[in-house]
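**Q** okay, here's the prediction I keep looking at, along with the sequence it came from:
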Amino acid sequence: MATKTARDLMQISPFKMQGRFFGLAIADSDKRKFLRLITADGEYYIKLSKSLRLNLPSNLILGDWIEVSGERKFHPKKGEFKFKAEQLTLVERNSTQTELVEKAIAPQPQSNILVCQKSDCLKRGAGNICQALAKGLGDRGLATTVKIKGTGCMKDCKAGPNIVMPDKTRYSKIHPSAIPILLEKHFPAEKTSEFMVKSENQLDENDYLRLKL
């Protein structure tokens, strides 16, 4: 069976987010291709679709609260999301949103999750691990502060896929279904109602095997 390429493993999903409009980025030929959005989760540069570039609200001004929706793609090798907006609407702000976004504007430390991208680990499912990590980080609002970085060989090929968390904890033979458990362990959420995460006393034998160091 042929090894999947990075393009094959690229994950595409819809997105919708609200935040403050902080301007447009000019690309080649003076085209306004990117929108700068500050949300409670951080800062995003979002590519505008051609139709949206031609139909931006005429009353849009710096600092407006907007809702943007469209398509996001996760690039496993780069360990990052790319966003493309198809729709943009003006929305009313509230005090809670304002407070969260003001906190997000402040500089935040960034950490990395390392995932081996060599052939043996890719054959054993490293691409699926990247996708599961991307989804889990996105669900937790950590996509801008925690990056997924592809690495070279970690010297334990037969135990792949191999990953290393920001605190240097290493996991081998990891399975995508164990990723929510790992993220909850290393990035505990204040509210877990949005995430269907198993608690420690609900882990079965297979889960413990997947989390084995």
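**A** Happy to help now that I have it.

**Q** show me what the lengthiest strand in the chain packs onto, helices and strands only.
**A** Secondary structure of the chain read by DSSP state E shows that its longest strand is strand 11-26. Contact here means 3 or more C-beta pairs under 8 Å, 6 or more residues apart in numbering; DSSP states H and E; on that basis strand 11-26 packs against strand 32-39, strand 42-48, strand 65-75, helix 95-105, helix 126-139. Any C-beta I mention is one placed from the backbone N, CA and C, and that applies to glycine too.

**Q** buried residues, the helix or strand just after the shortest one. List them.
**A** Sequence order places helix 50-54 as the next helix or strand after strand 42-48, per DSSP states H and E. With burial defined by 16 or more other C-beta atoms under 10 Å, the residues of helix 50-54 counted as buried are 52-53.

**Q** just the CA trace of helix 50-54, in PDB.
**A** These are the backbone C-alpha positions of helix 50-54, laid out as PDB (Å, rounded to 0.1, in the frame of the first residue of the first chain):
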ATOM      1  CA  LYS A  50     -12.700  35.900  -4.100                       C
ATOM      2  CA  SER A  51     -16.400  36.500  -3.700                       C
ATOM      3  CA  LEU A  52     -16.000  37.800  -0.200                       C
ATOM      4  CA  ARG A  53     -13.200  40.200  -1.200                       C
ATOM      5  CA  LEU A  54     -15.700  41.700  -3.800                       C
END
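
**Q** starting at the chain centroid, how far to it?
**A** Going by C-alpha atoms, centre = their mean, to the nearest Å, the spacing between the C-alpha centre of helix 50-54 and its chain's C-alpha centre is 25 Å.

**Q** and Met154, how far from Ser51?
**A** 44 Å (C-beta to C-beta, to the nearest Å).

**Q** tell me the centre residue of this protein?
**A** To find the centre residue of the chain, average its C-alpha atoms and take the closest one (C-alpha atoms, centre = their mean): that gives Ala143, at 3.5 Å.

**Q** what about the closest residue to it other than its chain neighbours, how many residues nearby?
**A** Residue nearest to Ala143 in three dimensions, not counting chain neighbours: Leu137, with 5.2 Å by C-beta to C-beta, 6 or more residues apart in numbering. Neighbourhood size, Leu137 [other C-beta atoms under 10 Å]: 23.

**Q** thinking again about what came up before, the residue nearest to the centre of the chain touches Asp41, doesn't it?
**A** Yes - A contact is recorded between Ala143 and Asp41 when judged using C-beta atoms under 8 Å, the distance being 6.8 Å.

**Q** report pLDDT for the residue nearest to the centre of the chain.
**A** Residue-level confidence at Ala143 comes out at 78, pLDDT.

**Q** same deal with Met196?
**A** In this model, Met196 carries a pLDDT of 36.

**Q** Glu92 sits in which helix or strand?
**A** Assigned by DSSP H and E, Glu92 falls outside every helix and strand.

**Q** count the residues that sit near the nearest residue to it once chain neighbours are set aside.
**A** In this structure, Glu92 finds its nearest non-sequential neighbour in Trp65, 6.7 Å apart by C-beta to C-beta, 6+ apart. The burial count assigned to Trp65 is 17, neighbours taken as other C-beta under 10 Å.
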